[in-house]
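# coordinates only, no sequence provided:
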């Protein structure tokens, strides 16, 4: 037979595009349209409905950037349409390629009840099926004219990302406002042909099944009268019955489709717009659930559920009913889909506490899966946190974006730093926006790396990022793919059902140990420095507020601020969303974040000061309150006392220019350039700085990645570097313990103060940068005379190790990585720590010196600032302040302690006398991360702690109050049924911990 395959495939495409799809709506009449433009920010629904609109016609421009326009559409169903299905087609000016990234709308009835959302892939509203004819139609559309930020030429700088700079130029053209007859038979034919055409394109060219489909499609097209598509669509469908009913082969891959709308809580739109995006999407999904009995929809992020509850009660009522029916499924058990690299230990725990508690309180639903499809990599401390929250599964697909190495598994056990393992699935469909296209389904089956051992994967199905969710077209395609020869089998299932099946069929999956590093988006560890500083400082202020409020409540009856702390925690957790904390949102988002962090700091400082004043009492003794988990200057952890005198620091001039600082523990030499050329550990008789090198070296790189400006730093940035060695001035500080260095470069200016505190084995580096560069990357380098094959990087509840070498592509790809408060490198018996108060990105490299001693130079560089121009064209412009410290001779325990110290500065207050801590621990390897009152208001004291050095320890925890009972709990402060109670003797509790083990104790007060 002659090969006519390409001829028929081309025929299918043209006939579908030009004849059959247009026939879905064979008749239409225009609607009358009027519009009212809300001044400023969005208004309540009742105000929008009551406003008096002005007439507007199709073809008119509308919508200033970030504006809200209320359209009223009215019309009458023609009498001649009686018995037919009628829909309103409401095209606000949509581009079908941009669902979630441009204008959107939510349709209301005149009584204020929501109908459904409008977006580029969902432009219809059902009027009746069938209609009687003559019905009056009146609908209202709350339309958001959100500007397109990520356009066809992506990553171009734009002022549209903030309402303060976006201007008022109308963004959209009203395209279509009609009543139309909907021909269900033609629409079904479109679905038949799309599924078969897409499947055919994925089958081998020489397969019999491909040609069976080809011939059936050819016959179907022959059956369509192109001048009467609506009258002949039924007989065309009959020609396809055979190929659509052929069952899948027994070995076919099985896909659990989960209705989904990944909605970024902020990104290329502000937080306030996400509230409305969620309302539109949930309106659509509740409507689709009513129409499609097999469909299941899952939604994560408790914050987004709370927004619907609090801001759109008319939508919330429908959501609650759908949840009660079991098909609108709360997922993920987290407050938001957060970043997981940068949030601190307690913050990461509280993501699960507040997320899971919301779903439990509102619906009685216990989530057992963590749902993080779009997060930019996963810290090695996360598995233990997931388990401690009462969950056991993890889903993400983001690692498929890695540029260098292909991850070897799709279903596996992920092992964290403490040995906890979490059953994890990466959907092989490689998207969280699956639309049920044949290419996506075929890719999932072919790509699945666990063939022969497992057969199940999951496909998050629906338009996401900016929301929208699943469409009726996706549901129709899934129905045809349920059992279809040549395709994977698709069935709608909940995340829980999928994980139960996947776990049952794969009892011994492979194990991946350590972080799940995304080989992309590395610059999110640095972009938008003030957002990151706000996060770090808020986390530590919350620690202080809980600690001192709980101590004061137990000791003095101070009113514990339950509601304030709950609200503040949720605000901080919201801003850890994976496009806010990483610095990849528009200018509006980060402008608001800076203001929010400043407000929260004021509230938290007020709580802390009130509690400390209550504890200190009246008196003239100057007390130091120590919020850190280790003793400091004689002040016990969690207590207050008069600090011990700790010696003094001497400052002298250096012969070749510069200065020498000496406190009897360290001798620091700063040359005439303001660089540290020696950091000598006097006790160890050892130099820290590599010979011929200088520390405190600021280095400036060009930084223009190939794409994703705020997200990415590409390795070639290292090819060019400028060492900032010229100083305007190097001068002794007035306090006699510091040296001030001033530099200028480009359009920017840096002032540094290098301080050697008395009695402390650390050099503190305070850096103030007035930053006005563009597309540059600023690093602070510490070249160390130290040979180490690996280094420790703090993560949640412990630390993880990374190699300093690049033996393999996996190691080479980690050229920028994340740490929390410290980095630590060591040779046996001697190490160095670099600690920080607010930075996360860093790199560690090593070279062997070819001259002199032939030793190894290991260079630690912390990332300070970037200046990308997309999506915020003014990223990080202005004044920034950072604090770092170099700690020569540091053990891992010293690194832990100094990391806490730099993030929790002393607080001084006059009072009557010492304040005893609420809880003490007799082993520095056991770090208490939280002391608080139980969330249920019982007055119980909750203490959370972990082993921090990576060793097995025995420790005694002593309560500073009478204990009537002791319970080991999960993160939600619920008893753990399988946990053995620690030994207890009165108020003394003995614990034995594995490396990095996390424990939460609930102490009932007598």
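Great, that's in hand. Computed from a predicted structure; not experimentally measured.
# for the rest of this, base every contact and every neighbour count on C-alpha atoms.
Noted.
# which parts of the longest helix along the chain are buried?
Secondary structure of the chain per DSSP state H: the longest helix is helix 587-616. By 16 or more other C-alpha atoms under 10 Å, the buried positions in helix 587-616 come out as 587-590, 593-594, 596-597, 600-601, 603-604, 607-616.
# ditto for stretch 905-922
Neighbour-count burial for stretch 905-922 [16+ other C-alpha under 10 Å]: 906, 909-911, 913-921.
# what does it rub up against?
The contact list for stretch 905-922 (C-alpha atoms under 8 Å, 6 or more residues apart in numbering) reads 551, 612-613, 615-627, 636-642, 931, 955-961.
# rerun at 6 Å
Residues from elsewhere that reach stretch 905-922 (C-alpha atoms under 6 Å, 6 or more residues apart in numbering): 551, 616-625, 638-641, 955-960.
# which ones among the residues you listed lie within strands?
621, 622, 623, 624, 625, 640, 641, 955, 956, 957, 958, 959 (DSSP state E).
# the third one touches residue 641, doesn't it?
By that I understand residue 623. Yes. Look at residue 623 against residue 641 with C-alpha atoms under 6 Å: they come within range, at 4.9 Å.
# from the contact counts, what lies against the longest helix of the chain?
In terms of contacts (3 or more C-alpha pairs under 6 Å, 6 or more residues apart in numbering; DSSP states H and E), helix 587-616 is packed against helix 529-556.
# tell me the angle the helix it packs on makes with strand 621-625.
Here the directions of helix 529-556 and strand 621-625 differ by 120 degrees (axes from the mean of the first three to the mean of the last three C-alpha atoms, to 10 degrees).
# between which two of the ones in strands among the contacts of stretch 905-922 is the distance greatest?
Greatest spatial distance among the ones in strands among the contacts of stretch 905-922 (C-alpha to C-alpha): 621 and 955, at 32.6 Å.
# show me the helices in the stretch 401-550 of the chain, by range?
438-447, 472-480, 495-505, 529-556 (DSSP state H, counting those that start in this stretch).
# what's the most buried one of those helices?
Mean neighbour count (mean count of other C-alpha atoms under 10 Å) peaks for helix 529-556 among the helices of the stretch 401-550 of the chain, with a mean of 24.
# between helix 587-616 and it, find me the angle.
Computed with the same axes, to 10 degrees, the direction of helix 529-556 lies at 20 degrees from that of helix 587-616.
# which strands and helices sit next to helix 529-556?
Using 3+ C-alpha pairs under 6 Å, 6+ apart: helix 529-556 touches helix 587-616, strand 926-933.
# okay if I get these as a markdown table plus mean pLDDT and distance to residue 820?
Compiled in a markdown table, those are given as follows (pLDDT from 0 to 100; distance: least, C-alpha to C-alpha, whole Å):
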| stretch | mean pLDDT | distance to residue 820 |
| --- | --- | --- |
| helix 587-616 | 98 | 19 |
| strand 926-933 | 98 | 14 |
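# now the helices of the stretch 401-550 of the chain in a markdown table, with mean pLDDT and distance to residue 901?
Below are the helices of the stretch 401-550 of the chain laid out as a markdown table (pLDDT from 0 to 100; distance: least, C-alpha to C-alpha, whole Å):
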| stretch | mean pLDDT | distance to residue 901 |
| --- | --- | --- |
| helix 438-447 | 98 | 48 |
| helix 472-480 | 98 | 54 |
| helix 495-505 | 98 | 42 |
| helix 529-556 | 98 | 11 |
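# mind checking which of the ones you listed is nearest residue 192?
helix 472-480 (7.8 Å).
# returning to that earlier point: inside strands: which ones of the buried residues of stretch 905-922?
Among the buried residues of stretch 905-922, the residues falling in strands (DSSP E) are 909, 910, 911, 919, 920, 921.
# of the residues you listed, closest to residue 888?
Checking these against residue 888 with C-alpha to C-alpha, the nearest one is residue 921 at 26.3 Å.
# what are the phi and psi angles of the residue most central in space within the chain?
Geometric centre of the chain, nearest residue: residue 578, 2.2 Å, by C-alpha atoms, centre = their mean. Main-chain dihedrals, residue 578, degrees, to the nearest 10: phi -80, psi 10.
# ok, it touching residue 339?
Yes. Residue 578 lies in contact with residue 339 (C-alpha under 6 Å); the separation is 4.3 Å.
# can you flag the buried ones in the ones in strands among the contacts of stretch 905-922?
If we count by 16+ other C-alpha under 10 Å, these have these buried: 622, 623, 624, 625, 640, 641, 955, 956, 957, 958, 959.
# the last one bridge partners, please.
By that I understand residue 959. Beta bridges link residue 959 to residue 919, judged by DSSP bridges.
# and it, what is it in contact with?
Contact criterion C-alpha under 6 Å, 6+ apart gives 918, 919, 987 as the residues in contact with residue 959.
# where does the residue nearest to residue 353 when sequence neighbours are not counted fall, helix, sheet strand or coil?
Nearest non-adjacent residue to residue 353, counting by C-alpha to C-alpha, 6 or more residues apart in numbering: residue 972, 5.4 Å away. The three-state label given to residue 972 by DSSP: H, G, I helix; E, B strand; the rest coil is coil.
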